[in-house]
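Asks: Quick one: sequence plus predicted model below, questions after.
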Amino acid sequence: MAKILPSIFGADLLNLQEEINFLEKENVEILHIDLMDGNFVSHIAFGAAQISTIKNSTDMAIDVHMMTADPVRHLDSVLNTGAEMISVHYESSPHTRLLIEKIKNCGRKAGVVLNPATSEEVLKYLLDDIDYVLVMSRNPGEPSGKFIPSTITKIRNIRDMVKGYNISIEVDGGIDAVLARECINNGADLVVVGGSLFNGNEEENYKNLSKQIRD
């Protein structure tokens, strides 16, 4: 069954422990955390120290999405947080495979992130190495951006590419309950949600998102 991955970037940061408690009460299994360096994307958020603090305050698995211009520089500190899942942007380094290998050698799940304009064809020579693909459905680091419709075609194409491999498809960016269902129908396994969960009545929002996952 597909899973909802709440993005902590969309939560109420002044009441972060309460937000974590709410997610645990709803039996959320994986928490998505964006690491943004102000270079690869314009925003700055959640360095390794903050990720460690969050990791130590929850039993949820942590999925770190590294939006960094120099992932080699930051990877050791991210690994030291204990995060179970770590993904790096294909566009951020000429040494993507080496980064993936290092993550896997530390016993973590390794993912590759694709920007909206990056072709899924770049995955061909990484299929034996990765555990998941994170498909950006809006431009990274732009929380006000809208879901890009062509993402659905990309998810379908990746679904066909990974047949026979133990690779999950994650999707992130501007996703509400209706879009979550469409992404899942076309091959997504992991759906990252932010505003559609944390804005308004969180319990009702989570119930609605869960219904789309189940149905």
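Replies: Nice, I can see it.

Asks: can you pull the buried residues of stretch 69-78?
Replies: Buried residues in stretch 69-78, defined by neighbour count with 16 or more other Cβ atoms under 10 Å: P71, H74, L75, V78. Where you see a C-beta, it was placed from the backbone N, CA and C, and this is true even at glycine.

Asks: Assumed the second one was part of a helix.
Replies: Yes. Checked against DSSP: H, G, I helix; E, B strand; the rest coil, H74 lies within a helix.

Asks: Report the contact partners of it.
Replies: Contact analysis of H74 by Cβ atoms under 8 Å, 6 or more residues apart in numbering lists L35, D37, A48, M66, T68.

Asks: Among these, name the ones in helices.
Replies: Judged by DSSP state H, the subset of the contacts of H74 located in helices is A48.

Asks: Based on its surroundings, how many neighbours for N205?
Replies: N205: 18 surrounding residues under other Cβ atoms under 10 Å.

Asks: where does it land in three-state SS?
Replies: Strictly by three-state DSSP, N205 counts as helix.

Asks: before we move on, what about G187?
Replies: Quick answer, by three-state DSSP: G187 is coil.

Asks: start the count at 17, not 1, going forward
Replies: Happy to do that; since the first residue is 17 now, the last one works out to G203.

Asks: roughly how far apart are it and G26?
Replies: 24 Å (Cβ to Cβ, to the nearest Å).

Asks: before we move on, the earlier item: need the contacts of H90 in a markdown table (columns: distance to L143, neighbour count and pLDDT).
Replies: Listed next are these as a markdown table, based on distance: Cβ to Cβ, whole Å; neighbours: other Cβ atoms under 10 Å; pLDDT from 0 to 100:
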| residue | distance to L143 | neighbour count | pLDDT |
| --- | --- | --- | --- |
| L51 | 25 | 25 | 96 |
| D53 | 28 | 20 | 91 |
| A64 | 29 | 19 | 96 |
| M82 | 20 | 25 | 97 |
| T84 | 24 | 22 | 95 |
